[in-house]
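Asks: What follows is a predicted structure for the sequence shown.
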Amino acid sequence: MIHKFFGIFVRFMRHLGIMRLDMQNVEALRKTGPVIVVANHPTLIDVVVLISCIPYANCIVKSTLWKNPFYGSVVRAAGYISNDDPDALIDDCVASLDDGTPLIIFPEGTRTVPGQPLRFVRGAAHIALKSRAAIQPVVLQCDPPTLAKGEKWYKIPPKRFRFSIRARPLLDVAGFNVDSEPSGIAARKLTEQLEGYFTRELMTHERAIA
């Protein structure tokens, strides 16, 4: 139901001329299985667009939203994962993947600060290493920057913004060559490699459209 509602919301924004949506290889998301959907986080609507493309996705929500009197019952009914207990978070994510559900993660932990380099935290890497699930990279871009970190939700750019979603080929955790390392070092190295991967993807795309 959330997937369908978000799809209606995205179509509504496109119909009103607020947003232009560019999609690449999105069919891979609609048919995906128990993979870790790793995405950068440029805007407030990233999770809305992603869930509108993935029918049965799971995701991690802030504990404040989990306990919210208006939205809490919805996210709990959907089976979303609360970040309230960091010790149980990774196990809950692995269990969701074991159930065959794709899991959406924003490894930055918060929205990207415009003009600043990406900074990933290690949660996604720990989940990938423990679950051995494939990583589905999704590169998101928004031009001009809209609903970014530090901006008010009602601050809309004077022209239609273009939101780009590009699903890239799956990445096997074994391909990062960190299995021989202790878990903490492996997570750090995998995080650094994912950070570099997304940085290169964003730079390549920006040069291509310049």
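Replies: Right, received. Where do you want to start?

Asks: tell me the pLDDT at the residue lying farthest from the centre of the chain?
Replies: Most distant from the centre of the chain: Ser180, at 27.7 Å, with distances by Cα atoms, centre = their mean. Per-residue pLDDT puts Ser180 at 91.

Asks: Which helix or which strand is home to it?
Replies: Under DSSP states H and E, no helix or strand contains Ser180.

Asks: and what of Pro145?
Replies: Assigned by DSSP H and E, Pro145 falls outside every helix and strand.

Asks: Would you mind measuring the gap between the ends of stretch 164-176?
Replies: For stretch 164-176, the separation between the terminal residues is 27 Å (Cα to Cα, to the nearest Å).

Asks: and it, which residues are buried?
Replies: Neighbour-count burial for stretch 164-176 flags 164-168, 171, 173, 176 (criterion: 16 or more other Cβ atoms under 10 Å). Using the backbone N, CA and C atoms, a C-beta is placed for each residue, glycine as well.

Asks: Could you list every helix and strand that the helix or strand Cys59 falls within packs against?
Replies: Per DSSP H and E, Cys59 falls inside strand 58-61. If you count contacts as 3 or more Cβ pairs under 8 Å, 6 or more residues apart in numbering; DSSP states H and E, strand 58-61 packs onto strand 81-82, helix 86-98, strand 103-105.

Asks: for the record, mean pLDDT for it?
Replies: Strand 58-61 comes out at a mean pLDDT of 92.
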